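Trainee: any chance you can model this:
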Amino acid sequence: MWLKLLEKVLANSYKIHHHFYQLLELKRVHKSFWKKLLWSWVIFWIVICAWMFSFYNHHAIEKRKVTLASMCVERARMLQDQFNASMTHVQAISILISTFHHGKNPLAIDQRTFAKYTEKTAFERPLMSGVAYAIRVLHLEREKFERQQGWSIRKMNTVQQNPVHKDIHMPEKFEPSPVQEEYAPVILAQDTVAHMVSLDLLSGKEDCDNAIRARESGKGVLTTPFRLLKTNRLGVILTFAVYKRDLPADATPKDRVEATDGYILFLALFFRYLEGIFDIESLAENLFQQFAGKKTILVNLYDTTNRSQPISMYGSEVYVDKLEHVIALNFGDPLRNHEMRCRFKHKAPLSWLAITTTGSTLVITLLLGYIVFATMNHMAKVQEEYNRMVELKKKAEAADVAKSQFLSTVSHEIRTPMHGVLGILDILLDTDLDVTQQDHVRTAQASGKTLVSLLNEVLDQAKIESGKLDLESVPFDLRAIMDDVLSLFSGKSQENGVELAVYISHRVPDMLIGDPGRFRQIITNLMGNSIKFTEKGHIFVTVHLVEEVMETTDIEREASSRNTLSGFPVPDKRRSWAGFKNIGQDGRNCSLSPDRISVIVSVEDTGEGIPQEAQPRIFTPFVQVGSSISRKQAGTGIGLSISKCLVTLMDGELGFVSIPKVGSTFTFTASFTIGCSKQSKIIYPEFQCMRALVVDSRQVRAIVSKYHVQRLGIQVEVVPSLDHALSTISIGNAIFSMVLVEQVVWDADSAVSSLFVNKLRKLDQQLSSKLFILANSVNHSKKRDMLELHGLSIIMKPLRSSMLAASLQRAIGVGNKGNLRKLSSLSLSGLLAGRKILVVDDNYVNLKVAAGALKRYGADVVLAESGEKAISFLEPPHTFDACFMDIQMPAIDGFEATRRIREMEDNINDRIQNGDASIEACRNISNWHVPILAMTADVIQATQDECIRCGMDGYISKPFEGEHLYRELSRFFTSSPLMKCIENF
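Mentor: Have a look, this model is predicted:
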């Protein structure tokens, strides 16, 4: 019951807690309220627990009472059974004496026989310590009786008054019984009470009354408890009458008395009494010894005939437990009352059930109250913290907005003049300049691009920190991107004499879908660092599928660490991806879908390496390896940090291994979607069915050269030396269209090289003109003159398909269509020729640069220096094909101008649909929507999002980049018929 009550209370407590939680959400409650509520809760549950303790304690007491009653009843029952058994045997003795002793002469039973019999049958009287037989003697027969017995009848009162007598076995010490009508001297007695022989039972008042009452009632009569001789212990005498003849059960007292006098002379003379003496204390103690193993209670026997002064017959009056159980006893005398009172021997033990249950409930409720109190306090603190966090969040958001605005402003203010500088320099290069002037312009242009690149890195870092950097998903050619990156660093590598090479596995698809710009940025950052810190040896970039790293690849080096691209030792690149988590044991990324692949790119160099103490912070933004004074190369220190973040966005990982004074290898993975393959891989049909012989003694370098030549569709065979090349050509099993000799092999022995050329000319006069030297750098004019003297062509490294194709085409004399550089795919002239473009900018320099750039591609450019003029120019109907709109302008900015232009277009479109305006008056255009491209130096993501929301169609950052400009315009324009004819030609 109490468990159900507790469950209900706890359920209600939960509801209360829930309501308090809602209350706390609605308004703040004062802390003192919760303290008062806690104290009320504690006091309430203390009262409940006190009631529970009282309930369980009362239950334990009641159970203890039941236990005491059961034990007391059991002892009373045994005592009563023993008494009844003793009474039955006493009656049997009375019958025995009446039969074998009365009227017999000589007597059949004497004192010796009686004593022996009663002693042997004592076990049948467990509650009697002795039995005596008194005979009724009249006064007239006293003298004769005394002569027959040989002793005088003594007075009982003397014994009662002196219970402990030193000479109790000496009859002469007792007083003779006084003269009276009749006497009842004891003539037979058990040995235990042999001192009672000759004592007159009728000489005492109580004994006389008991004898008379016994013969009248026919039942046993008990005396008041008294102290027994010898033992000084309490005892009683039970008196039975022995009749001369059998009487009916319904005989009256008068009949019983008359029956005793029926023999006036003979039988009436003898009225006999049978006495049973009870030693209550010893007999009860013997009885209760049977419960020796169960002595958990104390038993007291009382004679309660006088209720006001009960007489204790057995047991101690000292007790420690007040709990008592009383049972009435029946010892056969209707005029005397006896009771058994039972108590536990020890105090009632503590009710552990009450204590544990109450204590547990109190503890639980106190804990619950404390939890609720602590929860409310915590919730109040959380609410305060939340309010403070909301305020801080607002401040942070305001700071973020201010930061974005600051970056936007800084970006715009820096990019705007840089756009003008680079644009004017680009226009200047198209004029007639001498070599020195061209060099100065290119130097200024390179410096401007470096500044723009630095600005881009800072802005990228800001985007990454704000989580606003998103990736594009467009098709791209990974091999073309790698060629473009090689072209950026080819000049620097040739100046330093460092060999630069790229190898892409044939298992990497031709077309991928992803963000080519960010992928190029990662490669550029890693290769740029390698170029900065590598003064000798090589820089080698490899691209494979991730599953290939677990297999043997074409460029896998042997046990020797010097079997590398340049022969310099390098760290084991496998250690650079050892910590990647997304690469399983089979080399697969299990998180990728079937239409996606994961590529692994390694950039290996033989530079200075990274000191061990600097390696843990290599990816920390704005942290550089060396100090600002001692470091050899300039930089912001954020390139690797940005690269790591970009790799993470591409579902990849970036790692490295570096050994000081040996080199470094950076490896990253990136996931892309597999794009549609080109219908035909034949880019240079003039090289089809040609065979080339590559002469290189270094295996890794020969594989790289073979890879680039094969990209042109040429079949390649590799030999390690000039002698092997000559032997291969002499055999004549295959006709080689060209021979490409590594410069290291050619420079190893000039005599062997000259002999090779002479023998080659003898074998095939035409083949000598198709002999190429693959040179990393030709710094000495004498060496260049010697090569030209032999009629050899030089192909400068790093190898890339466009450069290699152009060199081979010039030397072999085949078609040079490759010089068009795929104008059909990236020709801005084909898109802009004849297009009328509106350029809107409040800066005159920007207007001039934009107009010059667009006019170069054949566009008809109209300039507007404010948003108001742009709105007036683009009010439908108009003749403009597109609009380049600056964002930050006074009065009406680009966003507002675009919104108003879109509203005008919506109005004219609605009027045309409703028939309020004719299509002919609107230049036969039923749906007006002029492409508006944002043109600004601000490249913050928030600005780009705002451009889309206000209705712009695209975004062009300053300064213009041809590829980005083409990608945006190609969404709206197609190539003109003239350019299509040129492309088909």
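Trainee: which elements pack onto the helix or strand hosting D400?
Mentor: Using DSSP states H and E, D400 sits within helix 352-429. In this structure, helix 352-429 makes packing contacts with helix 2-26, helix 31-100, helix 435-466, helix 844-856, helix 941-950, judged by 3 or more CB pairs under 8 Å, 6 or more residues apart in numbering; DSSP states H and E. The C-beta positions use only the backbone N, C-alpha and C, and glycine is treated the same way.
Trainee: quick one: the last one to helix 435-466, angle?
Mentor: Interaxial angle of helix 941-950 relative to helix 435-466 (axes from the mean of the first three to the mean of the last three CA atoms, to 10 degrees): 80 degrees.
Trainee: which SSE is immediately downstream of helix 941-950?
Mentor: Next helix or strand after helix 941-950 toward the C-terminus (DSSP H and E): strand 954-957.
Trainee: and that following strand, what does it pack onto?
Mentor: Using 3+ CB pairs under 8 Å, 6+ apart: strand 954-957 touches strand 932-936, helix 962-969.
Trainee: now the weakest link among the ones you listed, please, by mean pLDDT.
Mentor: Of all the helices and strands packed on strand 954-957, the minimum mean pLDDT falls on helix 962-969 (a mean of 69).
Trainee: which secondary structure element contains the spatially most central residue of the chain?
Mentor: Per CA atoms, centre = their mean, the C-alpha nearest to the average position across the chain is that of K581, at 21.0 Å. Counting by DSSP H and E, there is no helix or strand that carries K581.
Trainee: chain neighbours aside, what residue packs nearest to it?
Mentor: E653 (7.0 Å; CB to CB, 6 or more residues apart in numbering).
Trainee: contacting residues for the one you found?
Mentor: Applying CB atoms under 8 Å, 6 or more residues apart in numbering, we find E653 in contact with W577, G579, F580, K581, N582, V647, F668, T669.
Trainee: do a quick rundown of the helices in the stretch 101-250 of the chain.
Mentor: 111-120, 142-149, 156-161, 205-217 (DSSP state H, counting those that start in this stretch).
Trainee: make a markdown table from those helices and add distance to D881 and mean pLDDT to it.
Mentor: Converted to a markdown table, the helices of the stretch 101-250 of the chain look like this (distance: least, CB to CB, whole Å; pLDDT from 0 to 100):
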| stretch | distance to D881 | mean pLDDT |
| --- | --- | --- |
| helix 111-120 | 147 | 84 |
| helix 142-149 | 166 | 86 |
| helix 156-161 | 151 | 50 |
| helix 205-217 | 147 | 78 |
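Trainee: of those helices, which is nearest L740?
Mentor: With CB to CB as the criterion, L740 lies closest to helix 111-120 of those, at 142.0 Å.
Trainee: what inclination does that closest one have with respect to helix 31-100?
Mentor: Going by the same axes, to 10 degrees, helix 111-120 makes 150 degrees with helix 31-100.
Trainee: confirm for me that I513 is in contact with I597.
Mentor: No: using CB atoms under 8 Å, I513 is not in contact with I597, being 10.5 Å away.
Trainee: overlap in contacts of those two?
Mentor: Jointly contacting I513 and I597 under the rule CB under 8 Å, 6+ apart are F672, I674.
Trainee: count the neighbours of R256 for me.
Mentor: By other CB atoms under 10 Å, 17 other residues sit near R256.
Trainee: so it: helix, strand or coil?
Mentor: helix (DSSP: H, G, I helix; E, B strand; the rest coil).
Trainee: what's the next secondary structure element after the helix or strand that contains H544?
Mentor: Element membership of H544, judged by DSSP H and E, is strand 538-545. Sequence-wise, the next helix or strand downstream of strand 538-545 (DSSP H and E) is strand 596-605.
Trainee: do you know the pLDDT at V709?
Mentor: 91.
Trainee: can you check S308 too?
Mentor: Turning to S308, the model gives it a pLDDT of 87.
Trainee: quick one: strands adjacent to the longest strand seen in the chain?
Mentor: Counting by DSSP state E, the longest strand found in the chain is strand 663-674. Using DSSP bridges, strand 663-674 pairs in its sheet with strand 511-514 (antiparallel), strand 596-605 (antiparallel), strand 654-659 (antiparallel).
Trainee: pull the number of nearby residues for Y370.
Mentor: Using other CB under 10 Å, Y370 has 13 other residues around it.
Trainee: so what's the nearest residue to it once chain neighbours are set aside up against?
Mentor: With CB to CB, 6+ apart as the criterion, Y370 has its nearest non-adjacent residue at 7.6 Å, and that residue is L38. By CB under 8 Å, 6+ apart, the residues touching L38 are G369, Y370, V372, F373.
Trainee: follow-up on the earlier one: just checking, what packs against the strand holding H544?
Mentor: Where contact means 3+ CB pairs under 8 Å, 6+ apart, strand 538-545 is packed against helix 478-496, strand 499-504, helix 516-533, strand 596-605.
Trainee: what's the distance between R701 and N927?
Mentor: Using CB to CB, to the nearest Å, R701 is found at 60 Å from N927.
Trainee: more neighbours, these two?
Mentor: R701 (24 against 10).
Trainee: pretty sure that one sits against Q743.
Mentor: No: here R701 does not reach Q743: they are 10.6 Å apart, not a contact under CB under 8 Å.
Trainee: so what's L188 up against?
Mentor: Contacts here follow CB under 8 Å, 6+ apart; on that basis L188 touches I97, H101, I109, D110, Q111, F114, A115, A132, Y133, V197.
Trainee: please name the bridge partners of the nearest residue to H724 once chain neighbours are set aside.
Mentor: Of all residues not flanking H724 in the chain, V695 sits nearest, at 7.6 Å (CB to CB, 6+ apart). Beta-bridge pairing for V695 (DSSP bridges): V719, V741.
Trainee: count the residues that sit near V695.
Mentor: Neighbours of V695 under the rule other CB under 10 Å: 27.
Trainee: residues touching it, list them.
Mentor: V695 makes contacts with V718, V719, P720, S721, L722, H724, A725, V739, L740, V741, E742, V745, as judged by CB under 8 Å, 6+ apart.
Trainee: swap the cut-off to 6 Å and go again
Mentor: V719, A725, V741, V745 (CB atoms under 6 Å, 6 or more residues apart in numbering).
Trainee: do you know the pLDDT at it?
Mentor: 92.
Trainee: one more: N733?
Mentor: Looking at N733, the pLDDT reads 70.
Trainee: make sure A851 is actually in contact with V861.
Mentor: Yes: judged on CB atoms under 6 Å, A851 makes contact with V861 at a distance of 4.5 Å.
Trainee: surely F656 is in contact with V647?
Mentor: No: counting by CB under 6 Å, F656 sits too far from V647 to count as a contact (11.8 Å).
Trainee: about what we covered before: quick check: which of the helices and strands packed on strand 538-545 is nearest to K759?
Mentor: Closest to K759 of those is strand 499-504 (CB to CB; 28.9 Å).
Trainee: contact partners of that closest one?
Mentor: Residues external to strand 499-504 that are found in contact with it (CB under 6 Å, 6+ apart): 479, 482, 486, 493, 538-543, 555, 565-566, 704, 707, 776, 798.
Trainee: for the protein, what helix or strand is lowest in average pLDDT?
Mentor: The helix or strand of the chain with the poorest confidence is helix 823-826; it has a mean of 38 (mean pLDDT, DSSP states H and E).
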